[in-house]
Structures are given as C-alpha cells and as structure tokens.
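Undergrad: Below: sequence and its predicted model.
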Amino acid sequence: MKPFLIALLALLAADAATAQRLVANSNYEASGTSPGWRLGIGDHIVLRFAPDQDGFVIVQNFPRARRRTVDGVRRWESRTAGGSIMVIEARESPCTQGGETFRDSVTITQSERRLTGCGGPRLRNPAPQP
C-alpha cells in the first residue's frame, strides 16, 4: 500500500508542475473552456485537454513552429510527422475567462475542430464602478 501512495503522490506532484508550465522554455500560453484545454508554446507545442468523464487526459505534442505576424495576428502553424496540422492564431483583443482578462483572443484549428480561448499576459482588471 505504501508504494502505491508514494506513486500517487508523485503523479499528483507531476500534474501540479504541469499545471504551472506545459512546456519547457514556454513563451506563450493560452487556455479555454468547453472543452477545457491549455496550450503551451516553447521548445515544442503542447495542447492538453481537461480530464473527460472517465478521468482520461489527452495531451497532444506538435513540433515547434516559427511565429509569423500578419495584420496584427500572431500565427503558428505546425505539422506532425503523421500529417496532423495545428494552426494557432492570437489576436490582440482583451479576452475574459474565469474572472481574469488576458491580452489575446486565441483560436486553435485542427482539422474540423476549432477551439477558442484567451492567452498572452494577464491584464489588470479595471476597478469595479460604483
């Protein structure tokens, strides 16, 4: 029983570390809901979906892609060796999620799937008006 508890604690600690940084040398992060997801761009690109009803977590890894900026939209496009393509677009437009405001509205497109969320640095939320 003791080895099981040690393994469980190690798994929880690893998941907590993942919650802070999805990818080494991260220089861009984003997240969204419905379904819940988190994105990290650094040494490579990681897209992590929240656990489903069975508790399974899906993590997708893509090769690092060079960022291009066109008409103010930052865009990353990556392709795996198997041919899967991920396109990430970040538009500088305040985006609010979970009570926090971020600099960018983010769209991720993979085949027919389209995810939307918020990314970039957190912005200071304005003080409530009386």
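TA: Cool, the structure landed.

Undergrad: And the residue nearest to the spatial centre of the chain, how close does it get to Q60?
TA: Centroid-nearest residue in the chain: L39, 1.5 Å away (criterion: CA atoms, centre = their mean). Per CB to CB, to the nearest Å, L39 is found 10 Å from Q60. Using the backbone N, CA and C atoms, a C-beta is placed for each residue, glycine as well.

Undergrad: now the strands for this protein?
TA: For the chain, the strands defined by DSSP state E cover 28-32, 37-41, 44-49, 59-63, 68-70, 73-79, 85-97, 100-110, 113-123.

Undergrad: which parts of the third one are buried?
TA: The reference is to strand 44-49. For strand 44-49, burial by neighbour count (16 or more other CB atoms under 10 Å) applies to H44, I45, V46, L47, R48.

Undergrad: Include distance to V106 when you put these into TSV, please.
TA: TSV is the format used below for the buried residues of strand 44-49 (distance: CB to CB, whole Å):
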residue	distance to V106
H44	18
I45	13
V46	14
L47	11
R48	14
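
Undergrad: Pick out whichever of those residues sits closest to L115.
TA: Distance to L115, by CB to CB, is smallest for L47 among the buried residues of strand 44-49, at 8.3 Å.

Undergrad: On the pLDDT front, check the closest residue to the closest one other than its chain neighbours for me.
TA: Spatially, and ignoring its direct neighbours in sequence, L47 is nearest to Q60 (4.5 Å; CB to CB, 6 or more residues apart in numbering). On pLDDT, Q60 comes in at 91.

Undergrad: who's in contact with Q60?
TA: Contacts for Q60 (CB atoms under 8 Å, 6 or more residues apart in numbering) come out as V46, L47, R48, S84, M86.

Undergrad: The fourth one: what's it in contact with?
TA: Just to be clear, that refers to S84. Q60, F62, Q110, S111.
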